[in-house]
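> prediction below, plus the sequence it came from.
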Amino acid sequence: MSAAVAAAAAAALSRRSSSTTTTTSTRSPSESFYAQYYPSVSVSVRPPPLASRYECLKRRDWNRFRQYLRNRCPTLSLACCSGANVVEFLCYLDELGQTKVHTATCPNFGHLYPVDPYCNCPTQQPWTTLVALIGRLRVAFEENGGNPVTNPFNTVDVKIYLNDVKDSQDRSRGIDR
């Protein structure tokens, strides 16, 4: 050991012994020395369990639907919500869609692979996305105290709308059913 290291160790020992004599702690001298640099936490904190992707999407969709009802004019409560309001919400989401639905006058109408990728046809949400969204909202409604009998996401209006979306998207791509 070098002289400098020995002197530093002796100084640390003298500091530690002088600090233990002045304090009335139940810790051993080595514990009090480390405690000033590494404070111990006596409470064990457990992280919350991670939510699955499905649960996160369900919560996001439920919050988005409730926000839509709050922003609607006139404001609509969840208890007064009907299938027609759910269809309005789905039409509102079409503004954010990415799937092109070609009109009958478009040269891409009826072609699975578009001839002109830069047409001005309107966009919609894909049918599969809407079906998954309605499924998550149906479950979220019941989990948040809704009656399964009066579930607005399970009405005939919503099912007819989803069938119409599927048919129009299939026809625009040339898929016959």
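The structure has been received and is ready for your questions.
> which SS state does the residue nearest the centre of the chain fall under?
Nearest residue to the geometric centre of the chain (CA atoms, centre = their mean): C56, 3.7 Å. Per DSSP: H, G, I helix; E, B strand; the rest coil, the local secondary structure of C56 is helix.
> all strands for the chain, in order.
99-100, 123-124 (DSSP state E).
> list of residues touching the first one?
Under the criterion CB atoms under 8 Å, 6 or more residues apart in numbering, residues N108, P114, C119, C121, P122, T123, Q124, Q125, P126, Q169, S172 lie in contact with strand 99-100. The C-beta positions use only the backbone N, C-alpha and C, and glycine is treated the same way.
> among the residues you listed, show me the least confident.
In terms of pLDDT, the weakest of the contacts of strand 99-100 is P114, which scores 74.
> what sits against the residue nearest to G110 when sequence neighbours are not counted?
Counting by CB to CB, 6 or more residues apart in numbering, G174 is the residue found nearest to G110 once chain neighbours are left out, at 4.0 Å. By CB under 8 Å, 6+ apart, the contact set of G174 is F109, G110, H111, L112.
> could you check how many residues crowd around L78?
Counted with other CB atoms under 10 Å, residues neighbouring L78 total 14.
> before we move on, back to that, return the distance of the residue nearest to G110 relative to L112.
Using CB to CB, to the nearest Å, G174 is found at 5 Å from L112.
> how much space separates L133 from D116?
30 Å.
> these two: who's more crowded?
A side-by-side neighbour count of L133 and D116, using other CB under 10 Å, places L133 first with 21 against 12.
> please name the nearest non-neighbouring residue to the more buried one.
Distances taken as CB to CB, 6+ apart put D61 closest to L133, at 5.8 Å, once the chain neighbours are dropped.
> and F141, what does it touch?
Neighbouring residues of F141 by CB under 8 Å, 6+ apart: W62, L78, N151, P152, F153.
> okay, these in a markdown table with pLDDT and distance to Y161 next?
Output for the contacts of F141, formatted as a markdown table (pLDDT from 0 to 100; distance: CB to CB, whole Å):
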| residue | pLDDT | distance to Y161 |
| --- | --- | --- |
| W62 | 95 | 19 |
| L78 | 86 | 20 |
| N151 | 93 | 15 |
| P152 | 95 | 12 |
| F153 | 95 | 11 |
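> tell me who's in contact with the nearest residue to G146 once chain neighbours are set aside.
With sequence-adjacent residues excluded and distances taken as CB to CB, 6+ apart, G146 is closest to L78, at 7.4 Å. Listed by CB under 8 Å, 6+ apart, the contact partners of L78 are R66, L69, F141, G146.
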